[in-house]
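Novice: Quick one, structure for this:
(2 chains)
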Amino acid sequence: MPYSHEETLESNALKGLQSKRLKETLQRVKKTPFYKDKIDINQIKSIDDISKLPFTTKKDLRDNYPFGLLCVPMDEIVRIHSSSGTTGKPTVVAYNEHDMNVWAEVIARAYTMAGLTSKDILHNATGYGLFTGGLGFHDGAELLKIAVVPSSTGFTSRQLMILKDFQATAMTGTPSFALHLAEKAKVEGYDIKNDFALKVGFFGAEPASDGLKDEIARIWGIDYHEIYGLSEIVGPGVASSCKCSKLLHINEDHFYPEIINPQTGEVLNDGEAGELVVTTLTKEALPVLRYRTGDITTLTHKKCECGRTTARMKSVFGRSDDMLVVNGVNVFPSQIEHVLSQNKHITLNYQIIAKKKGYLDKLELDVEMNQTLMSDDISKLEKIKKELQAELLNALYINVDIKLVKPNTIERSEGKAKRIKDERMS
Amino acid sequence: MSKHIQQLSVFIENKSGELKNIINLISKQDISIKSIMVADSTDFSILRIICDDVQSASNILNSHGASSTITEVLGVSIKDFTGSFAQVVGILCDNGFNIKYTYTVNEIGNGIFVFKLEDNELERAKEILTSKGIEVVGQEDL
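Specialist: Below is the predicted model of the structure:
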């Protein structure tokens, strides 16, 4: 039984609901300085007119940092989260009580799709803090009265111990962490099939091939479910997979999806690959119209055997920009460039290399030695490396390995150093 | 007044072949290497070279894409008796000098203790050692 009745509406009823909610959202945003001059409410008679609305981008959120796009007074706000920005400032999102209820509801739908009930124990190995992941998975579980273990990320040995001792039946995390955890379990002498009680896993925040997902399911002996989301829309919970396939049901009564050609903005048909654009239909504090996610996927409206009528998307398989995902954390090369440009020792002759270290991702930053940096003092050079590492950690939430390399050794392309090399194979 | 010993410091990646390439470049220029030192490291280290023509060495390396710098180090003539090193180190420490690193130039019959001190400390060190009868040598003595 789906958690919400809106998951099984027949198509006219769904369209009617979406049209009503779109108009309510437009009433909400029409007064904001940002959207005021960009939308003509009279042009929008139904959800089918949505392509007449302008797109919203991450740059728009950055230009209105931190609270310029808020539609309600701060008094009503009950939560503020932030996620990766493209420069020095993060992307900020905020929620009122109603938004928090929507968020918890869509997560509860995801857990229900996988068959979780109040009898289950959820080991939440997704990061708690400013990112929306940890708390998003947490709050939704409370709606179903699932016992939540807020283990967050890190401290893998301790996580294995409590995973066994508390006998959690479900877990969340990134796919790479699931593999890392399994490998660590083997090394520490656990019997994966018998020591743990896991039946279900909810994974996301980074791309994973079908083969990888099947591998994780096999190693842990669990059903693999994916939860997709992004903070700008709500957090995790925009879409999730049911038991029928690896496709994800989009909660389109709350988040209306379109696929566009990222170069032209033209709306594409089901089955055509393009950039996912999402419009929030029920959010009150920070509604966004036709938000460009940057994620590449396809949509389908074909019937699903589970009975849910919501549109489904493929697991995201690309980006329309140069964003990297490193252990579930979004990293924009421009963020790294911003940190480097503020550092007086480093020239812009650098290269970011994304690598695998076991099952986890690792970022390495190669920086060319130059005459300004050159010194007879090794401890001074090591100190510069450490400071740069700390600056990057502060900006990206990721520990980057800094490597000094010989001058003129980073490959250039038309005079410009090739900034990013992704050596990982998915 | 003779200049202090000019030490060439070269950035060297911890990769196979790096040391060989640098040495070959210098040797092909007919520059005589008097001493060489490089310590173990993780991804990089600093190779320190004392030679008879530090400017040419620097030029040839830089023109081949190396990163280098020249710094002054204190050279002390080795007297061949047990305790000669201890004597010099003792004087330097007792007079508040911070020895950052040390190595030697070895030659039959004589040689040079090399000390890296803090910047601007070389003259004071030379005065004190000379006053105690210990010979300080410079680049021209190589």
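Novice: dump the residue contacts of the residue in chain A sticking out farthest from the centre.
Specialist: Here chain A has its C-alpha centre computed as a mean, and the residue farthest from that point, by CA atoms, centre = their mean, is A:D376 with 44.4 Å. Applying CB atoms under 8 Å, 6 or more residues apart in numbering or on different chains, one finds that A:D376 lies in contact with B:7, B:9, B:46, B:48, B:69, B:71, B:116. In this view, the C-beta of every residue, glycine as well, is placed from N, C-alpha and C.
Novice: now the fourth one, which residues is it bridged with?
Specialist: Think B:R48. Bridge pairing for B:R48 (DSSP bridges) gives the partners B:S9, B:M37.
Novice: Just the pLDDT at it, thanks.
Specialist: With respect to pLDDT, B:R48 scores 96.
Novice: Check the first one too.
Specialist: Note for B:Q7: predicted pLDDT of 96.
Novice: Confirm it sits in a strand?
Specialist: Yes. According to DSSP: H, G, I helix; E, B strand; the rest coil, the state of B:Q7 is that of a strand.
Novice: For it, which residues are in contact?
Specialist: When contacts are taken as CB under 8 Å, 6+ apart, B:Q7 is in contact with A:376, B:48-50, B:54, B:70-73, B:114, B:116.
Novice: Find the pair from those with maximum spatial separation.
Specialist: The span of the contacts of B:Q7, defined through CB to CB, is set by B:V54 and B:K116 at 15.1 Å.
Novice: List the residue ranges of chain B that fall below the pLDDT cut-off.
Specialist: Residues of chain B that meet the criterion pLDDT under 70 lie in B:1-2.
Novice: now do 80
Specialist: Applying pLDDT under 80 to chain B flags residues B:1-2, B:108-110.
Novice: what residues does it put near chain A?
Specialist: Within reach of chain A by CB under 8 Å from any CB of the partner chain, chain B has these residues: B:7, B:9, B:11, B:13, B:39, B:41, B:43-46, B:48, B:65-69, B:71, B:100, B:116.
Novice: Could you identify the helix or strand that succeeds the helix or strand that contains A:V278?
Specialist: Element membership for A:V278 (DSSP states H and E) is strand A:274-280. For strand A:274-280, the succeeding helix or strand toward the C-terminus, using DSSP H and E, is strand A:291-297.
Novice: Which residue ranges of the stretch 251-400 of chain A form strands?
Specialist: Secondary structure of the stretch 251-400 of chain A (DSSP state E, counting those that start in this stretch): strands at A:255-260, A:274-280, A:291-297, A:299-300, A:312-313, A:318-319, A:324-326, A:329-331, A:350-357, A:360-368, A:400-405.
Novice: Surely A:E364 touches A:Y350?
Specialist: No. Taking contacts as CB atoms under 8 Å, A:E364 lies outside contact range of A:Y350: 10.5 Å.
Novice: The two: who's more crowded?
Specialist: Between A:E364 and A:Y350, A:Y350 has the larger neighbour count (other CB atoms under 10 Å in any protein chain shown), namely 20 against 17.
Novice: mind listing what the residue lying closest to that one once chain neighbours are set aside touches?
Specialist: With CB to CB, 6 or more residues apart in numbering or on different chains as the measure, A:V367 is the residue that lies nearest to A:Y350, at 4.8 Å, once sequence neighbours are left out. A:V367 makes contacts with A:346-347, A:349-350, A:388, A:402-405, as judged by CB under 8 Å, 6+ apart.
Novice: Ok, A:T280 next?
Specialist: When contacts are counted by CB under 8 Å, 6+ apart, A:T280 is found next to A:25, A:233-234, A:254-256, A:286-289, A:291.
Novice: For it, give its distance to A:I216.
Specialist: 31 Å (CB to CB, to the nearest Å).
Novice: now do A:G318
Specialist: Using CB to CB, one gets 21 Å for the distance from A:G318 to A:I216.
Novice: So for these two, which residue has more residues nearby?
Specialist: Neighbours per residue (other CB under 10 Å) separate A:G318 from A:I216, with A:I216 holding more: 22 against 12.
Novice: Give me the distance between that one and chain B.
Specialist: In this view, A:I216 and chain B are 33 Å apart by CB to the nearest CB, to the nearest Å.
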